[in-house]
Structures are given as structure tokens and as C-alpha cells.
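[1] how would this look folded up:
(2 chains)
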Amino acid sequence: MTFLILPVFIILPLSFSSSLFLEFPPKGFSLMWYQRLITDFQWLEAAKVSFSVACFTMLLSTLLGTMASVGLVRGKFFGRNIIYTVFLSPMIMPLIVMAIALYFLFVRLHLVGTYTGLIIAHTILAIPFVIVNVTSVLHGFDRNLENAAMNLGANRLQTFLRITLPLISPGIFSGALFAFIISFDEIIIAIFIAGTSAVTLPKMIWDSIRLEINPMVTSIATLLIFLSVIVLVISEILRRRAEKYRSIPR
Amino acid sequence: MSDLLKSLGENKTLGGNLFLVLPALFFLLFLYIYPLTKMILISLLDPDFTLRHYQQFISSSIYVKVFFITIKIGFFSTVICLVLGYPVAFLLASVSPKTRGIMIVFVVIPFWISLLIRNYAWMIILGRNGIVNSLLLKMGLISAPLKLMYNSFGMYVGMVHILLPYMIFPLFAVMSGIDWDLIRAARSLGANTFQTFLRIYLPLSMKGVSTGCLIVFIISIGFFITPALLGGLKDIMISNLIENQINNLLNWGFGSALAFILLIVAVILIVFFKKYLFLEELK
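    Here you go, the predicted model:
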């Protein structure tokens, strides 16, 4: 347990160090590294790229994944399980394999170093997580609620918007959070696809620590750790709500 | 009542429909399945059909060696994760719900933090002038800094740190379902702690062990970042070889062949051991 949490507790105090070198315990308190960070054009640009790509990935994968989940869980058509397996397969695909396959394609389509390229790649990675989250709430969903609504005169669209969507929304939101964080933290594909014009934060970190330990990274690392914890807390709240709304007990 | 509703709603339910699946399906077909197929073809065509790249792989002792190093690293990471993860999962499953909540946070937080940052943290801890070395020097236990990273040790520390939660979660899931009455029964029939564990608890938790090991092994053989950052010159895994072929040597054909080999290993593992993965089938 100590082993698991130790790195987090090491990095936090170091980021507030006033020393130019990485010393532990840190010599004095300062926000020097943060100041450097927010005045550095390259890091700000990387943060912008990461946020934009992660937001678009979240929207696209949530939309595609939610539609596919409803279709898969409710539908009865040939090849359902095969399609489901295809959708989930990026979860276990070695990332390097996907990275170079996409790299070859994107070189021909001139998508290397573009937002579009990164968004496409990250969406492929994120779709299975959206599907897992949404199909899980759909399985626990009592269809009689929909039937009741329709018998009371609601049409399909009304029923979907007013009954189904609110009830499965915790699953959709937690899928969306997964999608965001997957995109935001993704590095291996970014190494190939980001080029020099769409450098994400992880790519920037990778470039600056590959050959030497850069102390400035402690500050960005601390900020990213906080972001992860915030996302984690939100997802836990959502999970609890999803359990509460589950109309069919497990 | 529910039957009545069902019969009323029979011809008018909100449905599943192939059309809802199509957008995602086309997206993945064109941007995922197609590039993967294309990559496999690149490894086989030059410009006509050839097994040249695969022959190059088999005939070169270096490449075959890297392949076995990859398997070896995967194997040892899995074993270390199992040894460290089993007691943690056992604790999680047997403590009070309140303590469990706190402990799970300790496992989950690192899990959500970017892999890159966790590796970076280990670089700071294990480096030549890192935290471990400066502490040991200050205490006078060593006279010169120990080499703790840029070697296999550093790499295993980094990898196990990332892989451990993937081992703990399935173990915990299975262990929390174990019926403690069985343990008590064994004890009251005269078995000692060791016997009870070996004959009752361990077999009951085996499903978690196999799932955890499979997941950890599959993830570990695809590792790329950690060996590059924390490993030494000898710790080259197949992913690092692929990156080098593509980015530095621009040898797409051979890089693709290596990637296809890695993919086949992963697929074989999954197909053979599919029953151990908790893949929820569609109902």
C-alpha cells in the first residue's frame, strides 16, 4: 500500500520547492516552478491542445458509444456479440500496435500533427469504456417504465428523453469521464501522431523527461494529480447515484 | 400487471436497432479495423507477397532475444504483482467496510494518475541523486550512490507500480465473494491456519488469480514507456523495438511485422483464456 501511494506524496512537496535541484525534503517553500509553468508558452499551448482534444474525444465517444450501447443491448440482430467484441477490443489491444497502424493511415491522410488525428485515435480508445459503463446501466434498467410511459401516451422520442435518458445518465456521465481522462493521459499514440504541431501535455512531459529529469515537471505533475483526484471523486459520486437508480436489483 | 404492460407495449417499444450501432461501427471499421489490416498487409507485401520481414525476425538472434526478454519481463512482473497484490486483496476483503473504503482509495488514486507521472515520480525517487540515494548517503549506509534506475530493478519497480491495481481488483472481486462460513467450518474441523488457507481459501480465490495474472501479463508485454524511462540498455521490450524501427529507421515493413507478432501473442492469450476474463456477455 505504501508502495502504491508513495510516489504521490513525494511529488507534491517537491513541486513547492524553492531549490533549483530536486532535493528531499525540499529546502524552502516557493511557487517558483508554477510561475515558470504558467509563463511558459509551450506548456500553455500543450495544455490547450490536451484540453481541446480531451473534450472533443469525450463528446464524440460518448455520443457514438451511447448510441451503440442502446442498439446492442436492446437490439436482436445477427452478429451482435461479434460487434460487441470489436467495440471492446481496443481495451486490450497493445497501444503500440494501434499507434503505428493509425500512424501509417494518418501519414497518408495528412492527419499527423492535427487535432483531428488525435481525437480520432483517442475516440477509438475511449469508446469501449463508454460502452461498458452504459451497457451496465442498461442491463439494470426496468423496461416496464418505458412501456408505462408509452401507454400513457408518450411517443418514442418523449419516452427516450424523459424516461430512458435521465435513468441511464449516470452511466453516460461516468463513461464520458473515463473518455476524458483516457484522452488526457494518453501518451503512446501521441508520441506517433502528435507530430510537432499538436503536442499534448503527456507528449510534452515525455519529451522533457526522456533524457533527463526536469524539475519543472513536478509542478505540472501535481496539477495533473489534482485533476485525476477530482475526476475520481466525481465518478465515485456518479457510481453511487447509478446504484441508487438501478431499478432492477443485481 | 407487468404482463399486461408487456403485451400492450409489444409492438411499440423503444428499441434497439442496428441503426444506432452503425455510426460507431463504421467509425471503427474505417479508422481502426482498416488501418490494422493495412498494417498487417504492409508487413506481408513488398510490393508482392513476401515473408521477408518474418524471416528477418526469426533469423536474427537479437530480435528473437528481445521477444523472449519481453515474455520474461511480462512473466516476472506478473509474479511480483501476484505476490504483492494477493495479501493486499486479502486485507481489502477481510477488513471492516470503513477501513476498506480508505484502503481502496489508496489503490484507486494511483490507478487514475497518469502512467507517465508515476514513472516520473520513480525517476525522482530512484535517480542517482534521488531521494533513496541521498537518504542512504546521509545516514552513512552507503558511500557512493547506488544504481537504482536505468536498469532492470528500476523498470520492474515502475512496471509493478502501474500493473498492481490490475491484479488487486480481480483478486478482491473474487475474494469478497468467498463465504467465511467455509473457513470457519474448516477451522472447527481441526485444520490449522496454513491448512485452511491452502486447502480452502486459495482454491476458492483461484479464479481471481488467473484473471489477474492474465490481465497483468497481457498489459505488461505491450509496455513501452516504463522500459524507456526507467529501464537499462538491456531492458528493451518489443514495443521499444517497434518504435525504433518506425520512428528512427523508417522501416515500416519490419516494424509492422513485429507489431503483428505482438498482436498475435495478445490475441492468442485472450482467445485461449477468455473464460477467465469477466467479459460481460450481452444478454
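[2] Give me the buried positions along the strand or helix carrying B:Ile73.
    In the assignment (DSSP states H and E), B:Ile73 maps to helix B:61-94. Buried residues in helix B:61-94, counting neighbours by 16 or more other Cβ atoms under 10 Å in any protein chain shown, are found at B:63, B:66-67, B:69-71, B:73-74, B:77-78, B:80-82, B:84-86, B:88-90, B:92-93. Every residue, glycine included, has its C-beta placed from N, CA and C.
[3] Show me what secondary structure element comes after the host helix or strand of B:Leu135.
    Taking DSSP H and E as the criterion, B:Leu135 maps to helix B:131-138. In the C-terminal direction, the helix or strand that comes right after helix B:131-138 (DSSP H and E) is helix B:152-175.
[4] what's the model's confidence in the lengthiest helix in chain A, averaged?
    Using DSSP state H to define each element, chain A has its longest helix at helix A:41-74. If you average the pLDDT over helix A:41-74, you get 91.
[5] Which residues belonging to the helix or strand following it are considered buried?
    Next along the chain after helix A:41-74, taking DSSP H and E as the criterion, comes helix A:80-88. Neighbour-count burial for helix A:80-88, with 16+ other Cβ under 10 Å as criterion, is recorded at A:80, A:83-84, A:86-88.
[6] any idea which helix or strand comes after helix A:80-88?
    helix A:95-109.
[7] Show me which residues of that next one are buried.
    Of the residues in helix A:95-109, those buried (16+ other Cβ under 10 Å) are A:95-106.
[8] likewise stretch B:266-277?
    For stretch B:266-277, a neighbour-count test (16+ other Cβ under 10 Å) marks B:266, B:269-270, B:273, B:276 as buried.
[9] out of those residues, who's near chain A?
    B:266, B:270 (Cβ under 8 Å from any Cβ of the partner chain).
[10] just to revisit the earlier point, restrict the buried residues of helix A:80-88 to those near chain B?
    Applying Cβ under 8 Å from any Cβ to the buried residues of helix A:80-88, one finds that A:80, A:83-84, A:86-88 fall near chain B.
[11] before we move on, back to that, for the helix holding B:Ile73, name the packing helices and strands.
    Other helices and strands packing on helix B:61-94, by 3 or more Cβ pairs under 8 Å, 6 or more residues apart in numbering or on different chains; DSSP states H and E, are helix B:52-59, helix B:97-112, helix B:152-175, helix B:202-221, helix B:238-243.
[12] residues near the single nearest residue of chain A relative to chain B, how many?
    Per Cβ to the nearest Cβ, A:Arg74 is where chain A lies closest to chain B, at 2.4 Å. Around A:Arg74 sit 17 other residues, with neighbours defined as other Cβ atoms under 10 Å in any protein chain shown.
[13] B:Arg100 now?
    Applying other Cβ under 10 Å, I find that B:Arg100 has 16 neighbouring residues.
[14] dump the residue contacts of it.
    B:Leu92 (Cβ atoms under 8 Å, 6 or more residues apart in numbering or on different chains).
[15] try 10 Å this time
    By Cβ atoms under 10 Å, 6 or more residues apart in numbering or on different chains, the contact set of B:Arg100 is B:91-94, B:172, B:176.
[16] and of those, the nearest to chain A?
    B:Leu91 (8.4 Å).
[17] Show the pLDDT at the closest one.
    So, for B:Leu91, pLDDT stands at 89.
[18] what does the one 3 residues further on give?
    Confidence at B:Ser94, expressed as pLDDT, is 85.
[19] do you know how far it is from B:Leu29?
    Spatial separation of B:Ser94 from B:Leu29 under the definition Cβ to Cβ, to the nearest Å is 47 Å.
[20] secondary structure element for the residue nearest to A:Leu6 when sequence neighbours are not counted?
    Closest residue in space to A:Leu6, ignoring its immediate chain neighbours: B:Ile125 at 7.5 Å, by Cβ to Cβ, 6 or more residues apart in numbering or on different chains. Counting by DSSP H and E, the element that carries B:Ile125 is helix B:115-126.
[21] Tell me the confidence at residue 108?
    Because you didn't say which chain, this covers chain A. Note for A:Arg108: predicted pLDDT of 90.
[22] right idea, wrong chain: chain B
    As predicted, B:Val108 sits at a pLDDT of 83.
[23] and it, how many neighbours does it have?
    18.
[24] mind listing what it touches?
    A:4, A:229, A:232, A:235-236, B:165, B:168-169.
[25] What of B:Val64?
    Counted by Cβ under 10 Å, 6+ apart, B:Val64 has contacts B:57-58.
[26] Same check on the one 10 residues further on?
    By Cβ under 10 Å, 6+ apart, B:Gly74 lies in contact with B:159, B:163, B:216-223, B:237-238, B:265.
[27] swap the cut-off to 8 Å and go again
    B:217, B:220-221.
[28] before we move on, what about B:Ile125?
    A:6-7, A:10, B:131-132.
[29] nearest to B:Leu51, of those?
    Relative to B:Leu51, the closest of these is A:Pro7; by Cβ to Cβ it sits at 44.8 Å.
[30] Assign a three-state SS to that closest one, would you?
    On the three-state scheme (DSSP: H, G, I helix; E, B strand; the rest coil), A:Pro7 is labelled helix.
[31] List the residues that contact it.
    Residues counted as contacts of A:Pro7 (Cβ under 8 Å, 6+ apart) are B:110, B:118, B:121-122, B:125, B:161.
[32] for chain A, which spans come out with low pLDDT?
    A:1-2, A:17-29, A:213, A:242, A:245-250 (pLDDT under 70).
[33] try the stretch 51-200 of chain B
    For the stretch 51-200 of chain B, applying pLDDT under 70 flags no range at all.
[34] one step back: which ones among the buried residues of stretch B:266-277 are found in strands?
    Mapping these onto strands (DSSP state E) picks out no residues; all lie outside.
[35] Report the two members of the buried residues of stretch B:266-277 separated by the largest distance.
    B:Ala266 and B:Tyr276 (14.5 Å).
[36] what would the contacts of B:Arg100 look like in JSON lines with distance to B:Gln56?
    JSON lines is the format used below for the contacts of B:Arg100 (distance: Cβ to Cβ, whole Å):
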{"residue": "B:Leu91", "distance to B:Gln56": "49"}
{"residue": "B:Leu92", "distance to B:Gln56": "48"}
{"residue": "B:Ala93", "distance to B:Gln56": "49"}
{"residue": "B:Ser94", "distance to B:Gln56": "53"}
{"residue": "B:Phe172", "distance to B:Gln56": "44"}
{"residue": "B:Ser176", "distance to B:Gln56": "49"}
